[in-house]
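K.L.:
Model the following, please.
(2 chains)
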Amino acid sequence: MSNRRNNLIILGLVVALIGVAAYFIFLRQPVAEATRLGLDLEGGVSANLQGYKTDGSEVTRQEMDLAAGIIRKRVDSLGVAEPEIQLQGQDQVVVNIPGVTDTEHAIDVIGRTAQLGFYEVLAAAGGQQPVSEDEVEETKDELQSELEGDPAYQEGGTKILFEETPSPSGEGVIVQGYVVPEEPGVTGEALESAIIERDQAGRRMVRINLTGEGAGQFGDLSQEVIDNALANGIPGQGRLAVVLDEDVISAPTVREVLDQGSFVIENQEGGGLPKEEAEELEIVLQTGALPVNMEVLSVTSIGPTLGSDSLRSGLLAALVGFGLVLLVLLVVYRVLGVIADLALLIYAFLLWGLIVAIPITVTLPGIAGIVLSIGVAADANVVIFERIKEEIRRGKSPRTAVGLGYQKGFKAILDGNLTTLITAFILFALSTGSVQGFAVLLAVGVVLSMFTAIAVTRALLGIISDRGFKLSAPMMGVSKKSLEAERPAKAGKAGAGAR
Amino acid sequence: MAFKNVDFVGGWRIWFAVSAVFLLLSVGAIALGGMNFGIDFTGGSKFTASGVEGSPGTEEVGDALPGDLGERSFVQRLGDEGYEVRTPVLSQEENTEVQQALEDFLGAEVSVTSISPTFGGQIREQALQAVAAALLIIVLYISLRFEFAFAFAAMVALLHDILITVGFYALVGREVNLVTVVAVLTVLGYSLYDTIIIFDRIRENTPEAGYNRRRYDQLANNSIRQVVMRSIYTSTVTLIPVTALLLFGESTLSDFAFALLVGIAAGTYSSIFIAAPTLCLFKAWRAGRTRKAPRGATAR
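P.N.:
Below you'll find the predicted structure:
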């Protein structure tokens, strides 16, 4: 009696779970939006960045947290839906941006340190002749050695930075080199805001506004530049370099004390700064500098076509595999197969419900994990059913055989599934990104399958036999021949024969 | 009962010889530099074009790359309308340049994956750690649930499966990447499951009485016969969806499925023909040693 009550409780639970799953999949949102797809299926950019410091000291977790926060703000200002920013380990951060495929732009926005600094220019060189794109590096090397020979250059106390500007004539690039002090006279902390503006001619530029204190420091620095120029016998020719991430943006000549508290980054050519560059500058300056430098470890950009191809082929494989497994179980185990198929269908639906409810992001490896877990789920039933067949061949009645099958099969299944879980956990702990998706889905699938393949099938079998449905040996896929083949050997033992 | 006349334990020389052939083939393939490491491990960039119309040769695609990059890159077809180009490590700007060049030349969407060499090293390390950790924990687990002899035999079978999986991978020249490692770990879990089902039956059938070689070998044979159909069915049930992945999945999934297919086949074989005989041989060897030991002690 209590057995019967247990069976009813389990089936009631299954019905309730199916209801909950159905709510999550179909009712909470349109079904097309229910499943969260990974970038490899949806298209988008995924980047793995590692924080480092130029002085070689270790990056702390707090700094990475801060960096992740700033990166989040930057990605948000790109205006994309549901970006994912995750810290990984001590010094890595993974950024997933769905729906974006322009890798370079995305990386420039998220990975740029955006450290702003203002320096006094101690010496300058180059800038006379525009050079072609290919010669830029070469020119920089030449300027580097030229400036290292300048008396203003001191190893350790100063550094050499470069400025690249498109030539006003439209052809080539003008490269200039500057010797500046190692530390900036005014740092990026002086910055209050950055916004895109257009000048009278409609040219795009980025205006940088300084804080009150920053404006004061900036004024002091310009005063210093003027004084030093006077002392060096070149009055009115002192220069000040505006530097972003070790690149000189501009190096205006300072003739009077600058106390205006704002200045612009501009480009005299055509429409001013290119739209993308202006946006990048606005975003990175507005959101502030990252506390650490970022090295790009890996970047993946998946186009929407490739993504949907992968999704289609993955789903097709999963469905074909699933259908064939259902068919095989049916052919081999007949009535038991019907029960197992029912349990597998319940399993698949509940797994979908779990994926939506948690939610688990489904990636390509994740689909592989799901497909594999279908095998695992079917496997549990095979173990039990083979045991049942074996007991029947030994001469047990179908009812006793079913009981024994579950009882004895359970231990083997538990051990087997625990080892699969162990592998899944190790995979999760020691890997990153997409592999973790596989591990999570495999683990969830294995646990869920233990419930559906063992508890649910047993309850179903219990209920139908309570209803007076008599299982016979052939209904379970035990052939007469194999029964007879076994019988003579066990004739002595076999008491209650199966009909 | 199926396989009534097969002596699983006594015929170990035959089974081991069959495995030895495959193992030699695998080790040979690996040793002869057959491993085709992907950018996951070496660093570099991979460009995937999908939905290409027309079908230029792989060489023409290589020529479309900027500079002399074509000579340093590896181009292959991907299905009917796709191409994959693998290049050495490139900067972000170069990646964009190559992507643009391919998009222009093929008139199709091009996806990019680029991995820095440092990251490649990290991934390689993690992968090796994962496999080692999995093996270690599994030995502990089986020793705990069964006994050490079982763990030893399971480990022999697992190494067998891993070697064969990796070897076949090398043999057909598929790209070894992170997905391959996942596949190997999955094979490991799966083959172990198979082995454990057989071991579980041996454990169940083992009488309370002490060890006796003839009786134990007989018992192992019987245990295998009792569960062998189950092994075949479950492998079939698992191989069906895996084969579907191999046939219908695109490159990543099909690589994964290939490793699983080989691994699960090897795993099914090794659970029956390697793990159980090894267990019996190991038990016999240990029994022989403990019997000899006291005699040696009295002689001295």
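
K.L.:
residue ranges with poor pLDDT in the stretch 201-350 of chain A?
P.N.:
A:267-271 (pLDDT under 70).

K.L.:
Enumerate the residues of it near chain B.
P.N.:
Contact residues, the stretch 201-350 of chain A versus chain B (Cβ under 8 Å from any Cβ of the partner chain): A:295-306, A:309-310, A:313-314, A:316-318, A:320-322, A:324-325, A:328-329, A:332. C-beta coordinates here come from the backbone N, C-alpha and C atoms, glycine included.

K.L.:
could you redo the last one with a cut-off of 7 Å?
P.N.:
A:296-303, A:305-306, A:309-310, A:313-314, A:316-317, A:320-322, A:324-325, A:328, A:332 (Cβ under 7 Å from any Cβ of the partner chain).

K.L.:
residues making contact with stretch B:107-115?
P.N.:
Contact with stretch B:107-115 is made by A:103, A:298-303, A:305-306, B:39-40, B:43-53, B:90, B:95, B:99, B:102-103, as judged by Cβ atoms under 7 Å, 6 or more residues apart in numbering or on different chains.

K.L.:
ok, now with 8 Å
P.N.:
With Cβ atoms under 8 Å, 6 or more residues apart in numbering or on different chains as the contact definition, stretch B:107-115 has outside contacts at A:101, A:103, A:296-306, B:39-40, B:43-53, B:81, B:89-90, B:92, B:95, B:99, B:102-103, B:123.

K.L.:
Can you tell me the element the closest residue to A:I10 other than its chain neighbours falls in?
P.N.:
Closest residue to A:I10 apart from its sequence neighbours, by Cβ to Cβ, 6 or more residues apart in numbering or on different chains: A:A459 at 4.1 Å. Using DSSP states H and E, A:A459 falls within helix A:457-466.

K.L.:
Please apply the same query to B:S114.
P.N.:
strand B:109-115.

K.L.:
in the stretch 151-300 of chain A, what residue is nearest chain B?
P.N.:
Closest contact between the stretch 151-300 of chain A and chain B, by Cβ to the nearest Cβ, is at A:L297 (3.7 Å).

K.L.:
which ones are touching that residue?
P.N.:
Neighbours of A:L297 in contact, by Cβ under 8 Å, 6+ apart: A:N48, A:L49, A:Q50, A:Q92, B:I115, B:S116, B:T118, B:F119, B:Q122.

K.L.:
Can you tell me the strand partners of the strand or helix carrying it and which way each runs?
P.N.:
A:L297 belongs to strand A:293-302 when assigned by DSSP H and E. Strand A:293-302 has the following strand partners under DSSP bridges: strand A:44-52 (antiparallel), strand B:109-115 (antiparallel).

K.L.:
What segments of the chain are helices?
P.N.:
Since no chain was named, I'll use chain A. Assigned by DSSP state H, chain A shows helices spanning A:2-22, A:39-42, A:61-77, A:103-111, A:136-148, A:212-231, A:275-287, A:304-357, A:364-393, A:398-430, A:433-450, A:457-466, A:480-490.

K.L.:
look at chain B instead
P.N.:
Using DSSP H, helices in chain B cover B:12-31, B:39-42, B:58-63, B:69-72, B:92-106, B:117-145, B:148-172, B:178-205, B:213-248, B:251-269, B:276-299.

K.L.:
which residues touch residue 7?
P.N.:
The chain I'm using is chain A. A:R458, A:A459, A:G462, A:I463, A:D466.

K.L.:
My question was about chain B, not that one.
P.N.:
B:N221 are the contacts of B:D7 under Cβ under 8 Å, 6+ apart.

K.L.:
Look up how far B:H160 lies from it.
P.N.:
The gap separating B:D7 from B:H160 is 20 Å, by Cβ to Cβ, to the nearest Å.

K.L.:
Please read off the pLDDT at the residue lying closest to A:L297 once chain neighbours are set aside from the model.
P.N.:
Sequence neighbours aside, B:F119 is the residue nearest to A:L297 in space, at 3.7 Å (criterion: Cβ to Cβ, 6+ apart). Here, the pLDDT recorded for B:F119 equals 83.

K.L.:
of all of the stretch 151-300 of chain B, which residue lies closest to chain A?
P.N.:
B:P241 (2.6 Å).

K.L.:
Run a quick check on that residue versus A:L326, I expect a contact.
P.N.:
No. Counting by Cβ atoms under 8 Å, B:P241 stays clear of A:L326, with 10.9 Å between them.

K.L.:
neighbour count winner among the two?
P.N.:
The residue with more neighbours, out of B:P241 and A:L326, is B:P241; 28 against 21, by other Cβ atoms under 10 Å in any protein chain shown.

K.L.:
ok, now which ones touch the closest residue to the more buried one other than its chain neighbours?
P.N.:
Nearest residue to B:P241, sequence neighbours excluded (Cβ to Cβ, 6+ apart): A:G321, at 2.6 Å. Contact analysis of A:G321 by Cβ under 8 Å, 6+ apart lists A:V371, A:I374, B:I240, B:P241, B:V242, B:T243, B:A244, B:L245.

K.L.:
Who does A:Q86 form a beta bridge with?
P.N.:
A:V94.

K.L.:
what about chain B, any weak spots by pLDDT?
P.N.:
Ranges of chain B meeting pLDDT under 70: B:1-2, B:293-300.

K.L.:
Where does the record place the domain boundaries for it?
P.N.:
Here the domain parsing of chain B from automatic domain parsing is B:12-37+B:119-292, B:44-115.

K.L.:
just those: most buried one?
P.N.:
Greatest average neighbour count among these goes to domain B:12-37+B:119-292 (a mean of 20), per mean count of other Cβ atoms under 10 Å in any protein chain shown.

K.L.:
quick one on the thing from earlier: just put the strands paired with strand A:293-302 in CSV and tack on distance to A:R239.
P.N.:
What follows is those, written out as CSV (distance: least, Cβ to Cβ, whole Å):
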stretch, distance to A:R239
strand A:44-52, 31
strand B:109-115, 38
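
K.L.:
Residue nearest the middle of chain A, spatially speaking?
P.N.:
A:N96 (4.4 Å; Cα atoms, centre = their mean).

K.L.:
what's the closest non-adjacent residue to residue 108?
P.N.:
With no chain named, the answer covers chain A. A:E280 (5.3 Å).

K.L.:
ah, no, chain B please
P.N.:
B:V52 (4.4 Å).

K.L.:
was I right about that neighbour contacting B:G82?
P.N.:
Yes. B:V52 lies in contact with B:G82 (Cβ under 8 Å); the separation is 6.3 Å.

K.L.:
Up against chain B, what does the stretch 351-499 of chain A have?
P.N.:
With Cβ under 8 Å from any Cβ as the criterion, the stretch 351-499 of chain A meets chain B at residues A:364-365, A:367-368, A:371-372, A:374-376, A:378-379, A:382-383, A:386-387, A:390, A:393, A:408, A:411-412, A:415-420, A:422-424, A:426-427, A:430-432, A:434-435, A:438, A:442, A:485-486.

K.L.:
List only buried entries from the residues you listed.
P.N.:
Buried members of these, counted by 16 or more other Cβ atoms under 10 Å in any protein chain shown: A:364-365, A:367-368, A:371-372, A:374-376, A:378-379, A:382-383, A:386-387, A:390, A:393, A:408, A:412, A:415-420, A:422-424, A:426-427, A:430-432, A:434-435, A:438, A:442, A:486.
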